[in-house]
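Undergrad: Mind folding the following:
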Amino acid sequence: MTDTTCCGPGYASPAEAMKAPREKLLYTVALYIGTGIQKPDYLATIDADPDSPTYSQVISRLEMPGIGDELHHMGWNACSSCHGDPTKERRYLVVPGVRSSNLHIVDCATDPKAPRLHKVIEGAEIKAKTNLSAPHTVHCLGSDIIISMLGDAQGNAPGGFLHLNEDFEIVGRWETDLGGMKFNYDFWYQPRHNVMVSSEWAAPNTFMPGFDLEEVGHLKYGRELHFWDFENKRVENSVYLGEDGLVPLEVRFHHNPDSSHGFVGAALSSNVIHWYKKDGKWIWEKIIDVENQRHPEWPIPVPGLISVILISMDDRFLYFCNWLHGDIRQYDISDPSNPKFTGQVWMGGLLGKAPEVNGRRITGGPQMIQLSLDGKRLYVTTSLFSTWDNQFYPDIRHNGGCMLMVDCDTEAGGMSINPDFFVDFGKEPNGPARCHETRYPGGDCTSDIWL
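TA: Numbers count the residues shown, from 1 in each chain. Reported below is the predicted structural model:
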């Protein structure tokens, strides 16, 4: 089996990935934007080796060159789509700044415990050459890279997709036709079905200042999924999800490249939508509905706000977070149309069900998650987006964020918070920071795609 604990062309299959060595390091973006601390955002390297004396600690910090990036999501220059090509290696993390539109290319292979900055693609250059801004999701495309961009150079919708070559040079815009796409957010492609699916958040000018419920009624937030002709790079069909699909965010296909099944979490309506191909047509259905909960300080019932979903490498379990309620859920999706609720844990949230975990107070709710390749460890962070954090969890400015680990039963199902793992970003050297997305040196459940 190819050793991809640091770099390499990827795994031959999802089953091979599940047999990979346990992750020893985590790369997590950490933010100072929104805290009042005038310091750069940074990439934190966390020791995840339980036999190490620095287990569950930040062991290095790579600061970005400027202040105000809002590091958010990131992705590898190569993934398992490159398997079998010895000229490719999973060496660089592409770390975008949503606010600055800068793309930071980080070398994680020279010294995996202390990544170093390789190159910066300036947001001003991206805007000038493509009229795009606010980079979000990064996926490798064989040798090249495509990145979903949420706005134009002025921060208006619908944005589009940025195309980089393997030398991190701007090729241009990837798409040939956006169709009727109104907004952009996340995407995933399944090449054996010649399909890419993309979702919708809102224009950067809408979501960056904070959340305003009235803007949902004014149709300034998304409620559609877009099915693309992947080979021809154009939207083939847009599906209106209506009230069941308000603000569809994270998009996930099965890891099995032959499967047409995929899922998206609709944040504001707190539903999980499932799609699949039948008789040559794409069908969608609501399969999970999280009920809103009353809160004495809210004029309306509080939605769960499903901020993220992911699927285990064997396509058996689906996980998602209710950022406002404060729970993480596990469902058995062996039958994708009939998921079975199998596990739940609480941390933070507005409902007050777990204000403290492992003896520490949690500010915020469970937000981003990353699952180990063997499906047994789920890493959870608490920050969504700086202005939204400050709006819904104002104490996070002073308390900072944190990372916890959830132990997952891969046989019968079930979850429990690990008592020995806790990364407190509230005690960082430059002051309280907040943390968002996590990746592993060897690849993970939300970046690898098989051709």
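Undergrad: Just the pLDDT for Thr4.
TA: Note for Thr4: predicted pLDDT of 36.
Undergrad: let me fix that: Cys79
TA: 86.
Undergrad: ok, now which ones touch it?
TA: The neighbours of Cys79, taking Cβ atoms under 8 Å, 6 or more residues apart in numbering as the test, are Gly10, Arg90, His139, Cys140, Gly443, Ser447, Asp448, Ile449. For every residue, glycine as well, the C-beta is placed using N, CA and C.
Undergrad: One more: Leu25?
TA: Contacts of Leu25 (Cβ under 8 Å, 6+ apart): Thr45, Ile46, Asp47, Ala48, Asp49, Pro112, Lys113, Tyr440, Pro441.
Undergrad: For the closest residue to Asp41 other than its chain neighbours, give me its contacts.
TA: Closest residue to Asp41 apart from its sequence neighbours, by Cβ to Cβ, 6 or more residues apart in numbering: Leu71 at 4.4 Å. Counting by Cβ under 8 Å, 6+ apart, Leu71 touches 29-31, 41-43, 64, 95-98, 104, 436.
Undergrad: Sort out which of these are buried, if you could.
TA: 29-31, 41-43, 64, 95-98, 104, 436 (16 or more other Cβ atoms under 10 Å).
Undergrad: In JSON lines: these, plus pLDDT.
TA: What follows is those, written out as JSON lines (pLDDT from 0 to 100):
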{"residue": "Val29", "pLDDT": "98"}
{"residue": "Ala30", "pLDDT": "98"}
{"residue": "Leu31", "pLDDT": "97"}
{"residue": "Asp41", "pLDDT": "98"}
{"residue": "Tyr42", "pLDDT": "98"}
{"residue": "Leu43", "pLDDT": "98"}
{"residue": "Met64", "pLDDT": "98"}
{"residue": "Val95", "pLDDT": "98"}
{"residue": "Pro96", "pLDDT": "98"}
{"residue": "Gly97", "pLDDT": "98"}
{"residue": "Val98", "pLDDT": "98"}
{"residue": "His104", "pLDDT": "98"}
{"residue": "His436", "pLDDT": "97"}
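Undergrad: And these, which is closest to Asp420?
TA: Nearest to Asp420 out of the buried ones among the contacts of Leu71 is Ala30 (Cβ to Cβ; 21.5 Å).
Undergrad: what's across from the closest one in the sheet?
TA: Taking DSSP bridges, one finds Tyr42, Cys435 as the beta-bridge partners of Ala30.
Undergrad: Quick check: it vs Tyr11, distance?
TA: 28 Å (Cβ to Cβ, to the nearest Å).
Undergrad: circling back: the residue nearest to Asp41 and Leu62: what is the separation?
TA: From Leu71 to Leu62 the distance is 11 Å (Cβ to Cβ).
Undergrad: which residues do those two both contact?
TA: Tyr42, Leu43.
Undergrad: Contacts only, for Ala266.
TA: Arg223, Leu241, Asp244, Gly245, Leu246, Val247, Pro248, Leu249, Val272, Ile273, Ile306.
Undergrad: May I see the PyMOL selection of the buried members of these?
TA: In PyMOL syntax, the buried subset of these is picked out as below (16+ other Cβ under 10 Å):
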select buried, resi 223+241+245+246+247+248+249+272+273+306
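Undergrad: out of the contacts of Leu25, which are buried?
TA: By 16+ other Cβ under 10 Å, the contacts of Leu25 give Thr45, Ile46, Asp47, Ala48, Pro112, Tyr440, Pro441 as buried.
Undergrad: So which of these is the closest to Leu219?
TA: Using Cβ to Cβ, these come closest to Leu219 at Tyr440, 38.4 Å.
Undergrad: For the closest one, give me the pLDDT.
TA: Tyr440 carries a pLDDT value of 93.
Undergrad: That one and Arg329: what is the separation?
TA: As defined by Cβ to Cβ, Tyr440 lies at a distance of 23 Å from Arg329.
Undergrad: how about stretch 74-82 as PDB, C-alpha atoms only?
TA: Presented in PDB, the C-alpha positions along stretch 74-82 are these (Å, rounded to 0.1, in the frame of the first residue of the first chain):
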ATOM      1  CA  MET A  74      -8.800  24.600   2.300                       C
ATOM      2  CA  GLY A  75      -7.800  21.700   0.100                       C
ATOM      3  CA  TRP A  76      -4.900  19.700  -1.300                       C
ATOM      4  CA  ASN A  77      -3.200  20.200  -4.600                       C
ATOM      5  CA  ALA A  78      -3.500  16.400  -5.200                       C
ATOM      6  CA  CYS A  79      -5.800  13.700  -3.900                       C
ATOM      7  CA  SER A  80      -6.700  10.100  -4.700                       C
ATOM      8  CA  SER A  81      -7.900  11.200  -8.200                       C
ATOM      9  CA  CYS A  82      -4.200  11.200  -8.900                       C
END
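Undergrad: What is the distance between it and the centre of its chain?
TA: 14 Å (Cα atoms, centre = their mean, to the nearest Å).
Undergrad: With stretch 122-137 instead?
TA: The answer for stretch 122-137 is 20 Å, by Cα atoms, centre = their mean.
Undergrad: ok, now which ones touch the closest residue to Thr342 other than its chain neighbours?
TA: Nearest non-adjacent residue to Thr342, counting by Cβ to Cβ, 6+ apart: Gly413, 3.0 Å away. By Cβ under 8 Å, 6+ apart, Gly413 lies in contact with Phe317, Gln330, Asp332, Lys340, Thr342, Gly343.
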